[in-house]
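My questions are about this predicted structure, shown below with the sequence.
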Number of protein chains: 2
Amino acid sequence: MPAASHFDFIHVVLVSPRNPLNIGAAARALANFGFSRLTVVAPYEPHWREVRSAVGAEDLLQSARRAQRLEDAVADCTLVLGTGALTRRQPEQPVILLPALAPIVREELARGGRIALVFGPEKRGLTGRDLAHCHHLVEIPTHPSQPSMNLAQAVAVCLYELATRLAVLESHGHGAPSTGPDRPLHSAASAHSADLERLADVIDQVMLAARYSPSSMREANRHDLRLLLRRLALSAPDARRALGFFRRILHRLLP
Amino acid sequence: MPAASHFDFIHVVLVSPRNPLNIGAAARALANFGFSRLTVVAPYEPHWREVRSAVGAEDLLQSARRAQRLEDAVADCTLVLGTGALTRRQPEQPVILLPALAPIVREELARGGRIALVFGPEKRGLTGRDLAHCHHLVEIPTHPSQPSMNLAQAVAVCLYELATRLAVLESHGHGAPSTGPDRPLHSAASAHSADLERLADVIDQVMLAARYSPSSMREANRHDLRLLLRRLALSAPDARRALGFFRRILHRLLP
């Protein structure tokens, strides 16, 4: 097991879970694999903190964060990973198969980043709107005849994979986050999701002010913009600079 | 995903599960990862085949085998793997960490073997008596502060690991079971669990007939004998020869 500090930078986010038993079972899986940060976005059932399925994870469930929207839950994260079987739609982001995820997470941790692993509701999974807040999609390789997993089982499988393979990577000589000779020189800290949201807001206003596109296209443009900003993998200084730049443009455009 | 035929030789066995929802969720995990063989030993609830948690695995649950005893469930298996957190007792068999399991399973498949992955009941796990029927124990590496997993989540994690890593081993050029240049020349088929049980029975009778030990020690001796026979990794011809040998001895000892 890696030091606890590692896993403190990996958040599990459950979006609109319907069955509180699944929230409890997900919390238990966090505890099983040494994770502690759980956020529940807009849960269906108000009394989800008291479920009996959170065996050995009662404290974790009590200290779980609650958020109204996904963007609030991932605001302080630098790498947002959406999960799902992705059979119904064509993904707009890069798809990573779960067995290949650990090195990517480790690199982000080494850069001082904070990671969100996002799970959608039981039946329909993450919506296109949810996915626009994700940098990458993670796919659990399931059998084509039955790709849809139970929510808490999917959480357990993802955390098992990360806990086991991050530990293996460490035992092969990789150091703790932000230290050690492996840290690439170019690795400025990644932009937080909240920074990207602010940037998207300003660019959105610029598009309007510049009459870049008809207002009927506004929602579609915002969606594409979110995806683009995440695909760019902006560093925190990059995002700050871009924000200053577009604010300046906006200031110029407005009467 | 490997060809279906591969996974037909890996059986999942649930011993005395108490909550039928867990049986259904375990069945769903089998379907998710391309497995199809489920055996339920002495289930607590008679109506376990109708549970709603077996989403997309209703047929699999209908065709699941039911056994009265673990030894019946694994009778035709050549490699029986018990699972658990193993924190409460000192294991008597070799313990394999789950991330190291796939090569061992692949080797047994290449030898034409049949594998059972055995899960104990929710609260107490496999008993010492159950474990005496296992060749190896498989441990899911969990955090020391909360090692005990939900049954269906443990099944999902084990099957994910096998499905993913067996596929990786195959894509690295290993062939289908019982064929291909990788098959070691010395690999006679492993003895079935039923052969080992028959052998243990005869040796037990020999011990009695030879007054090897007081009858108060009979249960303990049988237990140790079972463990020993599995540790020896007998081939099917080995087991047949030993059975003939001990039958001959017994015939001589009895009046």
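Everything's here; your move. Numbers count the residues shown, from 1 in each chain, chains lettered A, B, ... in the order given.

For chain A, what lies in contact range of chain B?
Within reach of chain B by Cβ under 8 Å from any Cβ of the partner chain, chain A has these residues: A:1, A:25, A:28-29, A:31-34, A:53, A:55-57, A:98-99, A:140-150, A:152-154, A:156-157, A:160-161, A:163-165, A:167-168. Every C-beta, even on glycine, is put in place using the N, C-alpha and C of the backbone.

Helices - which of those residues land there?
Of the residues of chain A next to chain B, the ones assigned to helices by DSSP state H are A:25, A:28-29, A:31-32, A:152-154, A:156-157, A:160-161, A:163-165, A:167-168.

hmm, back to that, drop anything exposed from the residues of chain A next to chain B.
The neighbour count (16 or more other Cβ atoms under 10 Å in any protein chain shown) marks A:1, A:25, A:28-29, A:31-34, A:53, A:55-57, A:98-99, A:140-143, A:146-150, A:152-154, A:156-157, A:160-161, A:163-165, A:167 as buried among these.

sec struct for the residue positioned nearest the centre of chain A, please.
Nearest residue to the geometric centre of chain A (Cα atoms, centre = their mean): A:Val80, 2.4 Å. Here A:Val80 is recorded as strand under DSSP: H, G, I helix; E, B strand; the rest coil.

list the contacts for it?
A:Val80 sits next to A:Val74, A:Ile115, A:Ala116, A:Val118, A:His133, A:Cys134, A:His135, A:Ser193, A:Arg230 when contact means Cβ atoms under 8 Å, 6 or more residues apart in numbering or on different chains.

can you tell me which of these lies nearest to B:Ser63?
A:Val118 (35.6 Å; Cβ to Cβ).

Report how many residues lie close to the closest one.
Residues lying near A:Val118 (other Cβ atoms under 10 Å in any protein chain shown) number 27.

what ranges do the helices span in the stretch 101-250 of chain A?
A:101-110, A:128-131, A:151-171, A:193-209, A:218-231, A:236-253 (DSSP state H, counting those that start in this stretch).

most packed of the ones you listed?
Burial of these is given as mean neighbour count (mean count of other Cβ atoms under 10 Å in any protein chain shown); helix A:151-171 ranks first at a mean of 23.

which strands and helices sit next to that one?
Contact partners of helix A:151-171 among helices and strands, from 3 or more Cβ pairs under 8 Å, 6 or more residues apart in numbering or on different chains; DSSP states H and E: strand A:10-15, helix A:20-32, helix A:101-110, strand A:115-119, helix B:20-32, helix B:151-171.

now the ones you listed in a markdown table, with mean pLDDT?
Below are those laid out as a markdown table (pLDDT from 0 to 100):
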| stretch | mean pLDDT |
| --- | --- |
| strand A:10-15 | 98 |
| helix A:20-32 | 96 |
| helix A:101-110 | 93 |
| strand A:115-119 | 97 |
| helix B:20-32 | 96 |
| helix B:151-171 | 88 |
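
got the ones you listed as TSV, with distance to B:Ala236 columns?
Shown next, in TSV, are the helices and strands packed on helix A:151-171 (distance: least, Cβ to Cβ, whole Å):
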stretch	distance to B:Ala236
strand A:10-15	47
helix A:20-32	38
helix A:101-110	40
strand A:115-119	46
helix B:20-32	27
helix B:151-171	23
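
ok, back up a step: Provide the partner residues of the residue nearest to the centre of chain A in its beta bridges.
With DSSP bridges applied, A:Val80 shows beta-bridge pairing to A:Ala116.

ok, now how distant is it from B:Ala67?
46 Å (Cβ to Cβ, to the nearest Å).

again with A:Ala163
For A:Ala163 relative to B:Ala67 (Cβ to Cβ), the value is 33 Å.

next one: A:Val12
37 Å.

If you count surrounding residues, which of those two has more?
Applying other Cβ under 10 Å to A:Val12 and B:Ala67 shows that A:Val12 carries more neighbours, namely 24 against 17.

my read: the more buried one touches A:Leu117, true?
Yes. At 5.3 Å, A:Val12 counts as touching A:Leu117 under the criterion of Cβ atoms under 8 Å.

For chain A, which residues score under the pLDDT cut-off?
Chain A contains residues with pLDDT under 70 at A:1-5, A:85-89, A:168-187.

Now do the domain split for it, please.
When chain A is parsed with automatic domain parsing, its domains come out as A:4-171, A:193-253.

want to try TSV for the ones you listed, with distance to B:His47 as columns?
Output for those, formatted as TSV (distance: least, Cβ to Cβ, whole Å):
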stretch	distance to B:His47
domain A:4-171	20
domain A:193-253	47
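
show me the contacts for A:Thr78.
A:Glu108, A:Arg111, A:Gly113, A:Arg114, A:Ile115, A:Ala189, A:Ser190, A:Ala191, A:His192, A:Ser193, A:Ala236.

Could you pull up the residues touching the last one?
Yep, that's A:Ala236 we're talking about. A:Thr78, A:Ala188, A:Ala189, A:Ser190, A:Ala191, A:His192, A:Asp195.

what number of residues lie near A:His6?
Neighbour tally, A:His6, other Cβ under 10 Å: 21.

That one contacts A:Ala110, correct?
No. A:His6 lies out of contact with A:Ala110 (Cβ under 8 Å); the separation is 10.4 Å.

dump the residue contacts of the closest residue to A:Val118 other than its chain neighbours.
Using Cβ to Cβ, 6 or more residues apart in numbering or on different chains and skipping residues adjacent in sequence, the residue nearest A:Val118 is A:Val13, 4.5 Å away. By Cβ under 8 Å, 6+ apart, the contact set of A:Val13 is A:Leu38, A:Thr39, A:Val40, A:Val41, A:Ala67, A:Leu70, A:Ala73, A:Val74, A:Ala116, A:Leu117, A:Val118, A:Phe119.

Looks to me like the second one is in a strand.
Yes. Under the criterion used here (three-state DSSP), A:Thr39 sits inside a strand.
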